[in-house]
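Asker: 3D model of this:
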Amino acid sequence: MRAEPGPGTGEAGGTGGTDGTEAPAKPAARVPEEPEAATAAAPAVGAAAAATAAGPRAAAKSRRFPSVTQDTARPEGGGRAIPGAVSAPARQWPMLSVLAATAAGLLATAMGHPRVGCLIIGVALIAAAVLRRLLPSVGMLAVRSRFTDMLTYGVLGVAITLLALVMEPKPWLEVPFLESAVRFTVR
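Answerer: Numbers count the residues shown, from 1 in each chain. So this is what the prediction gives:
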């Protein structure tokens, strides 16, 4: 036997009290205090339907990220390197030039010239540090603050360049203590 849904059973819109009385039902088109509650209440319904059901205040609220970030600052010089009327690759020329030089270095290394390839990669990173210092806006080459980017690119570029110069056989740069240090660590 199945009981018919009725007051106090919790099935036909009533919440049902413990004493058998029914609590008043909530209206269907209630305006929430916070706009996020409207979108959370009807996730399966489209955003437009949820916004119209929630009222005019929620209709103005967008689910997109704001065009201007409020809580996290962009890196210094993180804007476009060229105005927005130009195509996207042209606006990111500093990053693309560093990536192209790095790709050329990797290709030279793969072709059997590791010293030349590492030199190209090291010089590309040093050039990235110089670009970051000289240009006011470098696009995606700006990751952190200007100082941090310059320091990171510069130290990595100098380290890779020095490693390329002392690479065996026949190193182009002789470091007097390097051979004894390598012997000490290997043996």
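Asker: going forward, measure contacts and count neighbours with C-alpha atoms only.
Answerer: Fine.
Asker: Okay, helices next: where are they in this protein?
Answerer: With DSSP state H, the ranges of helices along the chain come out as 35-41, 47-54, 56-60, 88-91, 93-110, 114-134, 146-165, 178-186.
Asker: I'd like those helices as a markdown table, with mean neighbour count, mean pLDDT and distance to residue 140 appended.
Answerer: Listed next are the helices of the chain as a markdown table, based on neighbours: other CA atoms under 10 Å; pLDDT from 0 to 100; distance: least, CA to CA, whole Å:
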| stretch | mean neighbour count | mean pLDDT | distance to residue 140 |
| --- | --- | --- | --- |
| helix 35-41 | 16 | 47 | 33 |
| helix 47-54 | 17 | 53 | 32 |
| helix 56-60 | 15 | 58 | 32 |
| helix 88-91 | 14 | 75 | 10 |
| helix 93-110 | 17 | 95 | 6 |
| helix 114-134 | 22 | 95 | 11 |
| helix 146-165 | 18 | 94 | 11 |
| helix 178-186 | 9 | 72 | 37 |
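Asker: Distance to residue 172 for those helices - can I get that in CSV?
Answerer: Below are these laid out as CSV (distance: least, CA to CA, whole Å):
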stretch, distance to residue 172
helix 35-41, 64
helix 47-54, 65
helix 56-60, 66
helix 88-91, 37
helix 93-110, 17
helix 114-134, 10
helix 146-165, 5
helix 178-186, 13
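Asker: now for these, which one comes closest to residue 171?
Answerer: Shortest distance between residue 171 and the helices of the chain, using CA to CA, is found for helix 146-165: 6.0 Å.
Asker: contacting residues around that closest one?
Answerer: Outside helix 146-165, the residues within contact range by CA atoms under 8 Å, 6 or more residues apart in numbering are 75-77, 114-116, 118-119, 121-126, 128-130, 132-133, 142-143, 171-173.
Asker: run the last query once more with 7 Å
Answerer: Contact partners of helix 146-165, identified using CA atoms under 7 Å, 6 or more residues apart in numbering, comprise 76, 115, 118-119, 122-123, 125-126, 128-129, 132-133, 142-143, 171-173.
Asker: Would you check how far apart residue 91 and residue 104 are?
Answerer: Between residue 91 and residue 104 the distance is 21 Å, computed by CA to CA, to the nearest Å.
Asker: Same check on residue 164?
Answerer: To residue 104, residue 164 is 15 Å away according to CA to CA.
Asker: Lovely, talk soon.
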